[in-house]
Structure formats: C-alpha cells, structure tokens
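**Q** model the structure of this input:
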Amino acid sequence: MSGRPGGPAGAAVPGTGAPTGSGTGTGTSTRTGTAGGTRTGGDGMRVAVIGGGPGGLYAAALLKRLDPSRSVTVHERNAPEDTFGFGVVLSDETLGGIEHADPAVYAALKREFVRWDDIDIVHRGRTLTSGGHGFAALGRRRLLGVLHERCRELGVVLRFRSEAPPAAQLAATHDLMVAADGVHSATRDAFASAFRPKVTTHRCRYIWLAADFALDAFRFEIAETEHGVLQLHAYPYESAGESGPGASTVIVEAREEVWRAAGFEGTDERASAEQCAKLFPETLGGGPLRGNNSQWIAFRTVVNERWSHGNVVLLGDAAHTAHFSIGSGTKLAVEDALALAACVAEQPDLPAALAAYEEERRPVVLSTQRAARGSLEWFEDLATYTGQPPRQFAFNLLTRSRRVTHDNLRLRDPGFVAGVEAEAGVPEGTPPMFTPFRLRELTLRNRVVVSAMDMYSAEDGTGGSGAWPGTGPEPGPGAETGPGAGPGAGGLGTPGDFHLVHLGARALGGAGLVMTEMVCVSPGGRITPGCTGLWTDGQEAAWSRVTGFVHAQSPGTAIGVQLGHSGRKGSTRLMWEGIDEPLPEGNWPVVAPSPLPYREGVNQVPHALTAGEMAAIREEFTESARRAARAGFDLLELHCAHGYLLSSFLSPLTNRRADAYGGGIDARLRFPLEVFDAVREVWPRQRPMTVRVSATDWAQGGLTPEESLRVAAAFRDHGADAIDVSTGQVVADERPDFGRSYQTPYADRIRNALGAPVIAVGAISSWDDVNSLLLAGRADLCALGRPHLYDPHWTLHAAAEQGYQGPGAPWPLPYRAGSRRPPTGRTDAPKPRLSL
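**A** Residues are numbered from 1 along each chain as shown. All right, here's what the predicted structure looks like:
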C-alpha cells in the first residue's frame, strides 16, 4: 500500500491535478482487476452508496472524481434538507486531508467555518477558560448542501425520499456497495454473520438541541441538581452577522438514573428543551433551546470484526462509532471516505483495495475509539469528580481522553496549566511527578515507582540460576511440595548478583520507590524455578544485601517488597521458555480456593485448600513479612492480583467454594483480608503497606465494577496505605482492552470514588502521562515497568528532559556529570551568520 502525503490518513489521492470541477478524466489508474466480477478504475465501475450523510456523500464524490467513467448512485431515504443534529466539528488535520483530496469541497467549506480557540468549563458558578485549542465548525445542513452540490457537479446520482433496495440486491447488481447507513445500519445487520458486529449501549442519555446565538468558545457546564449531575456540551456552528445572531449546538447528557429522576422520561422534544434551558443559566442566559426531531438516546459504541464482505464495505458509523464528546463521528466518516477512494484507485483489484482500506483505517479508528471511551466513561462517572478543586476539575476534564496531556496543554495555554499547578501546591518550575508523597512515616521524594516485575533469575536450588538454562538440572519435587514447605531448601529462591544489579540500577535511576518482583512465601508458592523467595535465613541475608546497597548508594530512594503466593499459576516454565506452560519435569503440586486449572488440559488441577492449609499459608506470609522487616525493606505490598493465590479467592471465576470463603464478595474477601491483617500485625507500624489488586478480570462473569470498589474499600478500611490498581491475568480467556494507560481509569475510579490513595499502572509510557495523571487527580503514584527495563535511569532522564534539577530527582554524585542531555549531532551546532 503506497503512502500518501498530507492529511490524517495520507489524504492526498492520485489524479487530483485536473482543474476542479472540470469533469475530465482525473482517474489516472489503468489497472484492471477482477474478483467475482468486480472492477476497479477506468472501466465504468458501478458503485452504490447507502446513506446520504457526510461520509457517504464524500465517498461518492471522491470515487466519481477519481474516475468519471464510474456510475455512482447514493440512496438516502430522507429528504435532502433533512438532518439530525445541528453543527459539525472538523479538525485541522481532517480539513487538510479534504484540501488535498478535493480543493473544491475544501474551498466551499472554508467559507462557512466558524473558528475559535477557547474551551470554557463552568462549574459551581465559576468559569475557567483554556485557550490555544483550535476548532472549526459549520452547520450540518450546510455541510450536506456543499456535498450535494459537489456530487451533482461530478455526475453522482442522488436518490432521496426512498428506501434503498435490499443490500444483497445492490451488492449483486453493482461492483462496489458502500454501506454508510449509520449506527443502526441495515446493511451491517443483513451481513451480520460476516461483519460480526458488537454494539455496546452505555449508561448516559443525551439529546441534541440548539441555541439561536453563537457562543465564543467550546463550552462545558455542569449542573448539580437534587437528582444528580447533568452536563452540557456546546459549541458555535454559525457566526453572528448580518444574517442573524448565529447558532450553537447544545448537547445535554446525564446518567440514566439521573435522567429518570429528573423527569425527562416520557417528555416530548419541546418539554425537554424547556427543562434543559433552565438547568444551564451560565451558558444560555435564560435563552430558549430548540430541537430538530430531537430525542433522548443512549450512545452505542459499534465495533466490527470485519469491515468488508465480498464487494460490500462499511464506512463511518456503520463500521464504528466514537462518543460525541471528542467530536470525531463526522471526522472519522470523512477520513474513511478519503481512504476508501484512494485505496480503490491504488490497488490492483477490489479485494486488495478493501483489505488496504481496513488495514489503513482500523488502527486510527481503534485509537480514536479508545480515546472516546475514556471521555465517555469520564462523563459517566462525572459525579465522582465534582468535588475536586475548580482548576484541577477543569484540567481533569480537558485531559479526560488522554489525548490532551499536561505537556500538550502547557504548550497551548501555559498560564492555565500554571494556575492548575499553583492550586495543587506544585512548586514553580517543578513537574508534578517530582513532588513528594507521604505514606505513614515514609516520604517518597517523587511520584515514580519502579513496578514489580518478575525476573525469573533466582537461584534454583542447585547452585545455578533459574534464568540460565544449562547450569544444572531442574529442582526435584521433594523440596517443593505442599503449602507448608519452609526453610532448608538450599539456595532455592535466593536473589543473587542479578537482583543486586537490577534493583540497584533502578534505585540509582531516580525513582522514588523501587519494588521487588513478587517474592514468594514458600517453595510451593513460586511461579517458576527462577522466582525469588523469603522463607530462609539465606534469602533474608541476600535481600538485606540489596536493601543495604539501595539505602547506602541511593539515599532517599525507598525499596519495597511484594509478597505473594502463585496459587494455581505455579509450577510453570520461565517466561521466555513458555509463559504459564507447566514444567517438562519436576512439577510441584499447586493449590487454589477451588480445583479449577488455569487452562483446562494444560495446567495442573490445583488442590482445593482446607481451612488448616489456609492457616499454614497465612503463617508463611507473616513469617516472610517478619523477614522482610529485618531485611530492611521500607514498604510491603501484598499481591492480591493477576490470578495468584489471594487474587483467585477474590474472583468469582476462580473461587467456587461453598464455605465461608466463597460466594458473595464479602466472603471471597475473607481469606485475603485475614492474610492482610496477619501481615499488618507483624509489619512495623511506621512502615506503609499497600495491596495490589486486579480491578477487572476482563472476562464475562468476573469481578464487577462495584465489587472492585468493595475490594479496594475493604483493604483501605483494614489499614492499606495505598491500593496498587492493576487488572486481569486472572483467567486465560481474558479479553483485555490494551492501549496507552489502559488500566489507569480503574485507579482513577477507586481514588475518586473512595478517596483512597492509589498507585496507577498499565502502559504508562511517558513522563507526560505521569504528570497528567497526577495533576488531574487520577493517581497519587505511577508505577512503570517496561520503561524502566528500557532505561534504568528513566526518572533521571525524565527530569533532564524537563529541565528539572530539584530535590525530587537528585543525580548520584558519580553520575552528576551526565545530568544534562548530550548533544545529538550537527543540528545542535552553532549556526554561522549567512546574511547582513
């Protein structure tokens, strides 16, 4: 697939050199390909488009423009002047693509645009403004009018006020059928077995309305009522002028239960508009709102496993939707149309074109949908944020999708960000990540945590390391049986030079807190032969060597130990030899709350623990905690995540017990809380203790959002100083929704719903993400794993890149000469004078 310069999807398409609107042959492709009777380019391809929205019309215009010999027909059941909603927002990126692809359309749209830079956030009688954002909008009717005119100029046939023939019929009588028939796509439904759609209905209701005056900014206003929180999203789409006062789109949104309690259920358009107008006096000033066939609806996220089937292709909302709060619906549809037309022109046949279209667009769409979901969920949980300080609330709102960040916003509006930082008590010139944080008597000098990461490099009991094959045979089963196996297992599980260097390097690298890997409480509690432990005097001495180095060579860096038991996920190979695969020989018995293997037919069926065995394991945890205290660790974390033993008690997918330790969430919490209480009892009172949890199982029937809050609240109430919020790895058939910072919303929810300090984890990859999460109040600490594997001095380098040299990131004395970024080459060299 060829790259195309310009625009978001490589927007410049072949054959755009002919004069605009000339009607001459601008399609330069002479390639002919057939697949099931399909044809591409220069041979009179027959194209049917179902749906006369912006995406369908733009696709029709571009397909016709690139090859005038094509017969292109658009089927739209509504009248040309009919539309739903009012204004459309397009980004500069998308407009650049339109300009490259069809200058005539761009020129017509440019004349209509309303442009503005500011976003206003109105909350509790106070308006805060952030500038430098850059928006362009126009009326939806005018956008459709421009596209209608362009289609007619090019010879596209527009059929209004009639239903399109059935999709199967159009597909049989045309070479290409473009389904741009919206979120309720009949085409998608007709071929559901091929497209395999998933439609998710969300928790808020919203209604599209309009105000007959032009706002001067994108406006968010929050209404806190006796029924709950409602929010307004509004923006101008028609400028004030000689023709009138202009107009603005107004969207009102509320959680379903708030919408019902406020009395909107059953109200007609007029009554809804009147009631909404009264809720937002700061924005509307007492003025009226009007509708346009407006109804209260719930947003539906559409995802399809495939976007094409034979010669039928989905486009826009038929293929995917993104919540209106990031303004991407029309943007995505227009970009889809551009990419589809270009791929049809570039590829040798239609199957290749449709495959290239999906390959090009799917990553862009998935990224947008992740951002949109973050924004959608933020507004669903809006009530948890309304108590934040006003500037933090505004910053949180602006960065909710994680596309706008601390650094990005600081470039757009440095004064706004400075105000947020001042309100939060961040010293001038100090990035938020380099402010201190206190847990009991431990003060961390910054908010960066080196996440616990299993290294699988401990001694294996033979004098060798579990990480290095060939150093000796695998340990036999005799030394590793049963939950009560204890001291005297030789060098098994002992940290060595690798751990000293690995953890020591990260401590020298500037993080406020460095965590060990999961340190196992018994031989039978190991995940692999290479896992470390803390059940012998030798292990305790080895860990003391590590903590001693950290405290002596990196003063001010704290080191924490994470204690855990593998449960049913134990007795497996080293990660790089086959993650979660059982050992080829020398397996030890595994235990769990219920006799359910991690993978049926692959992993062992675990022994279901008896009450006596659970008591023995609890004592193993307390003995390891005592050793950890003597070894000099500053913080202890109890591992109740990722499907290991304590985690498997919490999840309904892995705990099927019928006794006091199974059933509802309070019963499933019982044993993990017993272990926590026992460990907290022996862990020094002045030293903090945290708990790592999996806030979702990423699997149907798993831990619910309400249960995850209950888990976090229970540990908080029992004395946990912070909740380390991870997700998943509980069951093998999980379906995690990976993406940048993808787990952080779970930490955010726990922090703001419960007021509990949290450690956020999960694909946090940049210092900008860390600053954004902290300043928005979504996290107290941020744990990063892979970035610290890539760069042991990640924190110090983050300080250097931000020009920070304060107490939150002191360079070790031997390294201080390297505290400035080195020059990168001739681009940094002084430039000569070349003019008078």
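
**Q** and the most centrally placed residue in the chain, which of the three is it?
**A** Centroid-nearest residue in the chain: residue 742, 3.6 Å away (criterion: CA atoms, centre = their mean). When classified by DSSP: H, G, I helix; E, B strand; the rest coil, residue 742 comes out as coil.

**Q** and the longest strand for the chain?
**A** In the chain, with assignment by DSSP state E, the single longest strand is strand 197-211.

**Q** list the residues that contact the residue nearest to the centre of the chain.
**A** For residue 742, the contacting residues are 370, 736, 762-763, by CB atoms under 8 Å, 6 or more residues apart in numbering. C-beta: built from backbone N, CA, C; applies to glycine.

**Q** which elements pack onto the longest strand of the chain?
**A** Here strand 197-211 touches strand 247-255, helix 256-261, helix 269-279, strand 297-304, helix 350-380, going by 3 or more CB pairs under 8 Å, 6 or more residues apart in numbering; DSSP states H and E.

**Q** each with direction, which strands does the helix or strand following it pair with?
**A** From strand 197-211 onward toward the C-terminus, using DSSP states H and E, the following helix or strand is strand 218-225. Paired strands of strand 218-225, with direction, are strand 119-123 (parallel), strand 228-238 (antiparallel) (DSSP bridges).

**Q** strand 218-225 vs helix 269-279, what angle?
**A** Strand 218-225 runs at 90 degrees relative to helix 269-279, counting by axes from the mean of the first three to the mean of the last three CA atoms, to 10 degrees.

**Q** so which bits of strand 218-225 are buried?
**A** 218-223 (16 or more other CB atoms under 10 Å).

**Q** and the lowest-mean-pLDDT helix or strand in the chain, C-alpha only, in PDB?
**A** Lowest by mean pLDDT, DSSP states H and E among the helices and strands of the chain is helix 92-101, with a mean of 82. Written as PDB, here are the backbone C-alpha positions of helix 92-101 (Å, rounded to 0.1, in the frame of the first residue of the first chain):
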ATOM      1  CA  ASP A  92      -7.400  21.000  11.100                       C
ATOM      2  CA  GLU A  93      -6.000  17.600  10.300                       C
ATOM      3  CA  THR A  94      -9.100  16.400   8.600                       C
ATOM      4  CA  LEU A  95      -9.500  19.700   6.700                       C
ATOM      5  CA  GLY A  96      -6.000  19.300   5.400                       C
ATOM      6  CA  GLY A  97      -7.000  15.900   4.000                       C
ATOM      7  CA  ILE A  98     -10.100  17.400   2.400                       C
ATOM      8  CA  GLU A  99      -8.000  20.200   0.900                       C
ATOM      9  CA  HIS A 100      -5.600  17.700  -0.700                       C
ATOM     10  CA  ALA A 101      -8.300  15.300  -1.900                       C
END
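
**Q** ramachandran coordinates for residue 323?
**A** Here is the backbone geometry of residue 323 (degrees, to the nearest 10): phi -50, psi 140.

**Q** also the one 10 residues further on?
**A** The phi and psi values for residue 333, taken as degrees, to the nearest 10, are phi -60, psi -40.

**Q** quick one: closest of the strands paired with strand 218-225 to residue 148.
**A** strand 228-238 (18.1 Å; CB to CB).

**Q** restricting to C-alpha, output the closest one in PDB.
**A** Provided in PDB are the C-alpha atoms of strand 228-238 (Å, rounded to 0.1, in the frame of the first residue of the first chain):
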ATOM      1  CA  GLY A 228     -27.800  14.100  40.300                       C
ATOM      2  CA  VAL A 229     -25.400  15.600  37.800                       C
ATOM      3  CA  LEU A 230     -26.200  16.700  34.300                       C
ATOM      4  CA  GLN A 231     -23.700  18.200  31.800                       C
ATOM      5  CA  LEU A 232     -23.900  20.500  28.800                       C
ATOM      6  CA  HIS A 233     -21.600  20.300  25.800                       C
ATOM      7  CA  ALA A 234     -22.000  23.300  23.500                       C
ATOM      8  CA  TYR A 235     -20.200  25.000  20.600                       C
ATOM      9  CA  PRO A 236     -20.900  27.500  17.800                       C
ATOM     10  CA  TYR A 237     -21.600  26.400  14.300                       C
ATOM     11  CA  GLU A 238     -22.900  29.600  12.700                       C
END
